[in-house]
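*Asks:* Kindly return the folded structure for what I paste below:
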Amino acid sequence: MSGSWEEFFATHLPPTDFEDNRSLLKEFCDRHHQQGHKIVLVTSGGTTVPLEHNTVRFVDNFSAGRRGAASTEYFLEHGYAVIFMHRQKSLEPFARHFSGPKLLDMLEMHEHGNNTTITVKQDSVFVLAPVLARYQAALAAGAILHLAFTTVSDYFWLLRAACEVLAKFGPRAVLYLAAAVSDFYVPKDRVPTHKIQTESGAPVIQLQLVPKLLAPLVSLWVPNAFVVSFKLETDESILISKAKAALEKYKHKVVVANMLQTRTQRVVVVTRELNQEIVLTREEVHAGMDIEAPIVSEIVRLHGEHETERGAGGGR
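*Replies:* Here you go, the predicted model:
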């Protein structure tokens, strides 16, 4: 059984840093709205479902946030301002290229008496320099805002707050909902306060369906925005039908459909009119090309058509 989204917000408190994040959202969106920029909200990474209020254990998913982090870089290249709403400690744009020890492997330390200097190895400069240049350009332009969530409740509160300030952009706004949002949660009144103890045996945990926020998002919160959702499946035979069913049910614009096993090499961009397959060749994969580059290019193209249909002023 799934409760309503209104009931979810009524029974789950906002995160402790919610008001600070809402102020950051308002300032960022007001500035880019005044400057006439296009803007995209990219959600990224997975949400957790706590099993205790003082959380020790939680239900999680495998998402590391790769798609959202990479897509953010390409939206910036296309001139969009980006709200990057991501799972805490998931991959982030630019830094994603150097996760783990990769960055440290590029550096060398030099001792000069009591002084120490650190330099980039000569053969690593060509790798680091272009990424650093793009990162610094985005910062200098004030073109990216980072917001972090952990739980599905945190995500819901941040998503609604972002929609509140994005509504003014009308058709200039894109919502690129790449986060892997939990399908199930434990209702707040069934979550114990403290760590579940093992003495009484294995706990019985009853999960409830998470309310689908696409419905109010599309119809109430940002009715003129260009909304893109994602559909991940493990059964190829239902992939496109599930994507089409989502478009029919929620009335948004695009579903990016992908299979778990091939998600980094092949996706299908599904609209009401057509299915556009995007596939990387073996050579492109070996060269390290991101499939997010052609995905974002296609979304930008479709967004341009949406703007033309709706008019840049934002009428429905």
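*Asks:* pLDDT weak spots in the stretch 151-300 of the chain?
*Replies:* By pLDDT under 70, the weakly predicted segments of the stretch 151-300 of the chain are 189-190, 192-193, 196.
*Asks:* Could you look up the SS state of the residue nearest the centre of the chain?
*Replies:* With distances taken as C-alpha atoms, centre = their mean, the residue of the chain nearest its centroid is residue 43 (1.8 Å). Secondary structure, DSSP: H, G, I helix; E, B strand; the rest coil: residue 43 is strand.
*Asks:* Compute the number of surrounding residues for residue 106.
*Replies:* Neighbour count for residue 106, taken as other C-beta atoms under 10 Å: 16. C-betas here are computed from N, CA, C, even on glycine.
*Asks:* Can you name the residues that contact it?
*Replies:* Contacts for residue 106 (C-beta atoms under 8 Å, 6 or more residues apart in numbering) come out as 98, 120, 121, 124, 127, 128.
*Asks:* which residues does the residue with the largest distance to the centre of the chain contact?
*Replies:* Most distant from the centre of the chain: residue 113, at 47.1 Å, with distances by C-alpha atoms, centre = their mean. Contacts for residue 113 (C-beta under 8 Å, 6+ apart) come out as none.
*Asks:* ok, it to residue 119 distance?
*Replies:* Going from residue 113 to residue 119 by C-beta to C-beta, to the nearest Å gives 17 Å.
*Asks:* do residue 174 as well
*Replies:* Distance from residue 174 to residue 119, counting by C-beta to C-beta: 40 Å.
*Asks:* For the two, indicate the residue with more neighbours.
*Replies:* Legend: neighbour count by other C-beta under 10 Å for residue 174 and residue 119, higher for residue 174 (30 against 12).
*Asks:* hang on, the more buried one packs against residue 301?
*Replies:* No. Residue 174 is beyond contact range of residue 301, at 11.9 Å (criterion: C-beta atoms under 8 Å).
*Asks:* now the helices for the protein?
*Replies:* For the chain, the helices defined by DSSP state H occupy 5-11, 18-34, 66-77, 102-105, 125-140, 152-166, 214-216, 236-250, 282-286, 292-310.
*Asks:* Remind me what the third one packs against, helices and strands.
*Replies:* By that I understand helix 66-77. strand 39-44, strand 81-87, helix 125-140, strand 173-177, helix 292-310 (3 or more C-beta pairs under 8 Å, 6 or more residues apart in numbering; DSSP states H and E).
*Asks:* Name the residues that touch it?
*Replies:* If you take C-beta under 8 Å, 6+ apart as the criterion, helix 66-77 is touched by 40, 42-45, 82, 84, 86, 90-94, 96, 134, 138, 143-144, 174, 176, 178-179, 230, 263-264, 290, 292-293, 295-297, 300.
*Asks:* Just flag the most distant two among the contacts of residue 106.
*Replies:* The span of the contacts of residue 106, defined through C-beta to C-beta, is set by 98 and 121 at 13.1 Å.
*Asks:* Which of the two has more residues huddled nearby?
*Replies:* The neighbour comparison of residue 98 against residue 121 (other C-beta under 10 Å) goes to residue 98, with 16 against 12.
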